[in-house]
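In: dropping a prediction and its sequence here:
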Amino acid sequence: MAPYVLAAAVGALIVFLYVVVLNHRRCGNLPPSPPSVPLLGHLHLIGRLAHRSLHDLHLRYGGGHGLLLLQLGRRRTLVVCTAAAATDMFKNHDLAFASRPHSVGADKLMYGCDNVSFAPYGESWRRGKKIAVVHLLSPRRVESFAPVRAAEVAALVARTRLAAAEAAGEGVELRGLLYGYANAVVTRATAGAAGATAERLKQLMAKSSGFVAGFEPEDVLPDAPARFVRWVTGIDRRLDDIVRAWDTFLSEIIAAHEEKVGDVAEEDEDFLDVLLRLRRDGAEGLELTDNRIKAIVKVIFVRTQKCSLFKFRFSRNLCFSLFSSTVFDSCVSELWQDVIMAATETSSDTLEWTMAELVANPRVMAKLQDEIARAAAARDGQLAESDLNKMGYLRAVLKEVLRLHPPAPLLVPHESTAPAVVQGYEIPAKTVLFVNVWAIGRDPAVWNAPEEFRPERFMVASGGGGAAVDFRGTDYQLIPFSAGRRICPGISFALPVLELALAGLLRHFDWELPAGVRPGDLDMGEAPGLTTPRRVPLILVPKCKVLPQPALQQ
Ligand code: HEM
């Protein structure tokens, strides 16, 4: 028998005994749970759209308190499924659940998790988040990127015009256009340049996110067999190659930025300039080592490209064949494919969903175009970023899109560091937390006609019941950016990027479905995984509008 087969068999036996014991150690007043099987726990119950599987499991087994407890391989996992349970969680137990589960891939790729997103709760995370909130994503800094956004929206409109001319009345696939736009804004804000840097970044992103976020051997196997699987399948070797490629890329950008020290006025700084200045000034308590700067810059690149890097992947095939190394191999390559899919970013996913919902709801599209045209007319045909504040319907449309299609439908997994009593149930420490914001956005206890796309629910003038509901983490029925300590610090960066692109696309073009496709025929399914890009890329026919003014200065 080959030594690795023997080692795998021994590993399997250890795991089997371990999980059998673990499965039978259910004690205390725990939340409801479906029946489990040895080793897998409940993994086999999770389909390719995990948020939907978890929602169905909750409806079937969950009871009235909005919680479900699952054993996903080695990880005990609490799922929050309703707005009421989310309220209890974020109001009363945010601190206990503010950490992150450990990921070997994230650890290697993120300089020992010396960043914000992947860091466990503690001093290092607190310092990183402070840098992000106070120095990089503050209102003043976000405002300073207004010219970048204006230029990139103009470029998006120009590229769409070109695509429309080339398509000559046929459909245009929007995904590439939207991805290019968001990628350019982010690369310019982070590193001051787009072009070749953006292209290199796109390639690195595509290579790395599966490693950070994939289903790791450690999720199911004890440490020693997991290390063995890593070695046999070559996961670690490939990971090391990617780590080196990232490091070279980041070192080069840092070196280029250091060369131009003193040439850049504070208001023109990109994120990297800010971090290097803080280091030069010896900003108190920030300890900006090279690796820390690289980790922060990387996480911002990655976050803005695809905010939910923890792209846990639950595949039934994987679950049923855990001990076959070829399965781990195919899992990795599957993840690679997934990553290429996943390389579409949060902002472009959201823009694509918005365009799909608008074309499926022509009444909403017309009303929004009217609002945008009126805002432009009030300014002699020009549109400025400050006009966004006056476009209440545009904001309502975005809220409705993020309610139905949150880009991270289970947020990013948290982990508890202390026992907690949630909704009357005892939750032990070291429990992973998924908050099913996709299900919460459809919770019939808080939303009327939850499956309908109805932005008016957020409008005071339309008597919408959700008029006062915001999505910045205070109203727990709408938390696409999360809430509490781990809330996304990039909301103010993301909103103008999304709203300006929509204003530009809807002001300059009318949008139609390709000939023969009716709004009801539009495929509104999601691609498998724990993020929710559209299953089918959106193809629409842009019709250039004749505007009262020759050019839009935005
Ligand atoms: C539509 C756009 C976006 C959405 C829906 C979104 C959503 C999220 C979500 C759900 C989380 C996880 C929160 C949790 O763990 O509970 C998160 C974390 C984070 N986001 Fe975003 N995000 C977006 C854009 C951005 C942008 C543009 C940036 C930066 C420029 C950013 C930076 C971050 C960072 C640094 C974290 C980690 C926070 C922490 O762990 O403390 N995000 N985001």
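Out: Thanks, I have the structure now.
In: can we go C-alpha only for contacts and neighbour counts from here?
Out: Will do.
In: tally up the residues packed near V148, please.
Out: Counted with other Cα atoms under 10 Å, residues neighbouring V148 total 18.
In: now swap in L70 and tell me
Out: 25.
In: contact partners for it?
Out: 33-34, 41-42, 76-79 (Cα atoms under 8 Å, 6 or more residues apart in numbering).
In: again, but for L54
Out: Counting by Cα under 8 Å, 6+ apart, L54 touches 46, 79, 436.
In: so for the helix or strand harbouring it, what gets flagged as buried?
Out: Taking DSSP states H and E as the definition, one finds L54 inside helix 50-61. Buried positions in helix 50-61, judged by neighbour count with 16 or more other Cα atoms under 10 Å: 50-52, 54-55, 57-58, 61.
In: I'd like the residues you listed as TSV, with pLDDT and distance to A503 appended.
Out: What follows is those, written out as TSV (pLDDT from 0 to 100; distance: Cα to Cα, whole Å):
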residue	pLDDT	distance to A503
A50	91	33
H51	94	31
R52	95	32
L54	96	36
H55	97	34
L57	97	39
H58	97	39
Y61	96	44
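In: list just the nearest of those residues to L394.
Out: Proximity of the buried residues of helix 50-61 to L394 (Cα to Cα) peaks at H51, which lies at 27.1 Å.
In: so that closest one is in contact with A439, correct?
Out: Yes - in this structure H51 lies within contact range of A439 using Cα atoms under 8 Å: 7.4 Å.
In: list residues touching both of these two?
Out: If you check H51 and A439 against Cα under 8 Å, 6+ apart, no residue is contacted by both.
In: re the thing from before, go through the buried residues of helix 50-61 and name the one nearest the ligand.
Out: Each of the buried residues of helix 50-61 was checked against the ligand using Cα to the nearest ligand atom; the closest is H51, at 13.4 Å.
In: separation between that closest one and G176?
Out: 26 Å (Cα to Cα, to the nearest Å).
In: repeat that for R279.
Out: Here the criterion is Cα to Cα. By it, R279 lies 37 Å from G176.
In: the more surrounded of the two?
Out: A count of neighbours by other Cα under 10 Å puts R279 above the other of R279 and G176, at 17 against 12.
In: quick check, the more buried one in contact with L288.
Out: Yes - counting by Cα under 8 Å, L288 is a contact partner of R279 at 5.7 Å.
In: helices of the stretch 301-450 of the chain, start to end?
Out: 316-320, 325-342, 346-360, 362-377, 392-404, 437-440 (DSSP state H, counting those that start in this stretch).
In: confirm that W246 sits in a helix.
Out: Yes - with DSSP: H, G, I helix; E, B strand; the rest coil as the criterion, W246 is located in a helix.
In: with adjacent residues omitted, what lies nearest to it?
Out: The shortest distance from W246 to any non-neighbouring residue, by Cα to Cα, 6 or more residues apart in numbering, is to L204 (6.9 Å).
In: number of nearby residues for that neighbour?
Out: With other Cα under 10 Å as criterion, L204 counts 18.
In: residue contacts, the closest residue to L547 other than its chain neighbours?
Out: Closest residue to L547 apart from its sequence neighbours, by Cα to Cα, 6+ apart: H508 at 7.3 Å. Taking Cα under 8 Å, 6+ apart, we find H508 in contact with 157, 544-547.
In: ok, these vs R535, which is closest?
Out: V157 (24.8 Å).
In: so does stretch 436-443 get close to the ligand?
Out: No - judged by Cα under 6 Å from any ligand atom, stretch 436-443 and the ligand are separated, with a smallest distance of 8.7 Å.
In: using CSV, write down the CA coordinates of that stretch.
Out: The C-alpha trace of stretch 436-443 is given here as CSV (Å, rounded to 0.1, in the frame of the first residue of the first chain):
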residue,chain,number,x,y,z
ASN,A,436,-28.1,35.2,6.4
VAL,A,437,-28.7,38.8,5.2
TRP,A,438,-30.3,37.3,2.0
ALA,A,439,-33.0,35.7,4.2
ILE,A,440,-33.3,38.7,6.5
GLY,A,441,-34.0,40.9,3.4
ARG,A,442,-37.0,38.6,2.7
ASP,A,443,-38.2,38.2,6.3
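In: touching, T82 and P444? I think so.
Out: No - if you go by Cα under 8 Å, T82 and P444 don't touch, sitting 9.2 Å apart.
In: of the two, who's got more company?
Out: Neighbour tally, T82 and P444, criterion other Cα under 10 Å: the higher count belongs to T82, 28 against 14.
In: tell me the contacts of that one?
Out: Counted by Cα under 8 Å, 6+ apart, T82 has contacts 66-67, 436, 439-440, 443, 477.
In: save those as a markdown table, and put in pLDDT and neighbour count too.
Out: Formatted as a markdown table, those follow (pLDDT from 0 to 100; neighbours: other Cα atoms under 10 Å):
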| residue | pLDDT | neighbour count |
| --- | --- | --- |
| G66 | 97 | 20 |
| L67 | 98 | 26 |
| N436 | 97 | 26 |
| A439 | 98 | 25 |
| I440 | 98 | 30 |
| D443 | 97 | 19 |
| Q477 | 97 | 27 |
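In: just those: which are in strands?
Out: L67 (DSSP state E).
In: from the contacts of T82, pick the one nearest the ligand.
Out: N436 (10.4 Å).
In: what's the nearest residue to the closest one if we skip its chain neighbours?
Out: Counting by Cα to Cα, 6+ apart, L410 is the residue found nearest to N436 once chain neighbours are left out, at 4.5 Å.
In: list the contacts for that neighbour?
Out: 51, 434-438, 530.
In: sort those residues by pLDDT and name the bottom one.
Out: Among the contacts of L410, L530 carries the lowest pLDDT, at 59.
In: show me where pLDDT drops low in this protein?
Out: 1-27, 103-117, 194-195, 206-221, 283-287, 292, 294-344, 462-464, 529-531, 548-554 (pLDDT under 70).
In: which residues in it form strands?
Out: 67-72, 75-80, 172-173, 414-415, 420-422, 425-427, 432-435, 509-512, 539-544.
In: do you know which of the ones you listed lies nearest the ligand?
Out: Among these, strand 414-415 comes nearest to the ligand, with 6.1 Å by Cα to the nearest ligand atom.
In: give the other helices and strands that the closest one contacts.
Out: Under the contact criterion of 3 or more Cα pairs under 8 Å, 6 or more residues apart in numbering; DSSP states H and E, strand 414-415 touches strand 432-435.
In: could you see whether the ligand lies near the strand it packs on?
Out: No - using Cα under 6 Å from any ligand atom, strand 432-435 stays clear of the ligand, coming no nearer than 8.0 Å.
In: list the neighbouring strands of that strand plus their orientation.
Out: The pairing partners recorded for strand 432-435 under DSSP bridges are strand 75-80 (parallel), strand 414-415 (antiparallel).
In: including mean neighbour count and distance to the ligand, could those strands go into JSON lines?
Out: JSON lines is the format used below for these (neighbours: other Cα atoms under 10 Å; distance: least, Cα to the nearest ligand atom, whole Å):
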{"stretch": "strand 75-80", "mean neighbour count": "22", "distance to the ligand": "12"}
{"stretch": "strand 414-415", "mean neighbour count": "24", "distance to the ligand": "6"}
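In: now those strands in a markdown table, with distance to L239?
Out: Compiled in a markdown table, the strands paired with strand 432-435 are given as follows (distance: least, Cα to Cα, whole Å):
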| stretch | distance to L239 |
| --- | --- |
| strand 75-80 | 23 |
| strand 414-415 | 24 |
